[in-house]
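>>> Could you look at this predicted model? Sequence included:
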Amino acid sequence: MRTHLTTSPDEAASYIRRGRIVAFPTETVYGLGADARRVAAVRSIFDAKGRPSDNPLIVHIADPAQAAELAACIPPAARTLMDAFWPGPLTVILPKSDAVPSLVTAGLDTVGVRCPGHAVATAFLRSCQAPVAAPSANRSGRPSPTTWEAVREDLGGRIPCILKGGRTEAGLESTVVDCTEAVPVVLRPGAIPEEALADALPEIGVEPPGGDAAAKSPGTRHRHYAPRARVTLVAEPGEAVASADAAYIGLRAPDEPESFATVRIAPSVEAYAHDLFHFFRACDREEAAVICAQLVPEDGLGRALNDRLRRAAAG
């Protein structure tokens, strides 16, 4: 299959309208989308990615009002979060309506919905004239793509079209909040920190890693975010072991930076999160054997960053 590259949201959307799949940029990472109402098209996403069928997809919409078409109801807590953070990198888990095929939700009676805050994504979604189910546009288990070139690395020749945009702003996936229970719960930390969510909805909770409710969210059960290199986590830069085939990323420099093949010192947690998956892929191209990654304080965006680091190391 030849993968067509375009900068036109309307041209890319024409593939969706014909029942095909398209990779497209958002403010978090690139997504791989299909018309959420077409089972055959959605199945093509799982085939292209090698994605397990028990891993639900997030449905993307151009306008917050479209959520009513996908949900059996919208609880008050969900409405509060949607009003506060949409458009933006927030996914809300809602009771699904019959309009959403079970393949999209991995057989669950809930659906994750997101309204991206990205101009190209919004134009694309409007032109699709349909809700678009989309996980990240990478081979299953690989680091999420933050550039169209990374999408092509993983899926070139496997998908019909890539909508080219710039490098994504956040670099980490959306925050996922389950709004189907009495107390809303963060299932996956992401680009919106929990502190910001709590400002809008003080009673919000957090699902512990491996908790039963996490199955409602993508990115919480299967191998995720892992480069080909082995990822070793360190609390302090001095714990990183240097070698000619090792790379390092963190907020502070290791003791012997010149002894690493590649070193990236991020000036902030936000910059670290923005660069993480891009750095992982660069290390793969340079054939690094080991990546030493520094953990960060467990607050703000640091929770989401550490979550991705731990999952990459487990992979």
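All right, it came through fine. Numbering: from 1, shown residues only.
>>> which parts of stretch 246-254 are buried?
246-251, 254 (16 or more other CB atoms under 10 Å). All C-beta atoms are positioned from the backbone trio N, CA, C, and that covers glycine.
>>> For those, which two are the farthest from each other?
The most widely separated members of these, counting by CB to CB, are Ala246 and Leu251 (17.9 Å).
>>> re the thing from before, so which of the buried residues of stretch 246-254 comes closest to Ala200?
Leu251 (28.3 Å).
>>> List the residues that contact that closest one.
Neighbour list for Leu251: 265-266, 268-269, 272, 294, 296 [criterion: CB atoms under 8 Å, 6 or more residues apart in numbering].
>>> now these: which count as buried?
Applying 16+ other CB under 10 Å to these flags 265-266, 269, 272, 294, 296 as buried.
>>> Which single one of the contacts of Leu251 is nearest to Ala150?
Checking those one by one against Ala150 (CB to CB), the nearest turns out to be Tyr272, at 17.9 Å.
>>> I figured that closest one was touching Val296, is that so?
Yes. At 6.7 Å, Tyr272 counts as touching Val296 under the criterion of CB atoms under 8 Å.
>>> Common neighbours of the two, please.
Counting by CB under 8 Å, 6+ apart, the residues touching both Tyr272 and Val296 are 251, 305.
>>> can you pull out the helices in this structure?
For the chain, the helices defined by DSSP state H cover 9-17, 39-49, 67-70, 76-85, 119-128, 148-155, 194-200, 269-285, 302-314.
>>> Go through these and name the closest to Val241.
Closest among these, using CB to CB: helix 302-314, at 14.4 Å.
>>> Render the CA-only coordinates of the closest one in CSV, please.
Output in CSV follows, covering the C-alpha atoms of helix 302-314 (Å, rounded to 0.1, in the frame of the first residue of the first chain):
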residue,chain,number,x,y,z
GLY,A,302,5.5,14.8,36.6
ARG,A,303,2.9,12.1,37.4
ALA,A,304,2.1,11.5,33.7
LEU,A,305,5.8,11.7,32.7
ASN,A,306,6.8,9.1,35.4
ASP,A,307,3.9,6.9,34.3
ARG,A,308,5.2,6.8,30.7
LEU,A,309,8.7,6.2,31.9
ARG,A,310,7.7,3.3,34.1
ARG,A,311,5.6,1.7,31.4
ALA,A,312,8.5,2.0,28.9
ALA,A,313,10.9,0.4,31.4
ALA,A,314,8.4,-2.4,32.0
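>>> buried sites along it?
For helix 302-314, using 16+ other CB under 10 Å, the buried residues are 302-313.
>>> what packs against that helix?
On a contact count with 3 or more CB pairs under 8 Å, 6 or more residues apart in numbering; DSSP states H and E, helix 302-314 meets strand 230-234, helix 269-285, strand 290-294.
>>> Go ahead and confirm Thr80 touches Glu203.
No. Taking contacts as CB under 8 Å, Thr80 lies outside contact range of Glu203: 10.2 Å.
>>> Compare those two (neighbour count), which wins?
Thr80 (16 against 9; other CB atoms under 10 Å).
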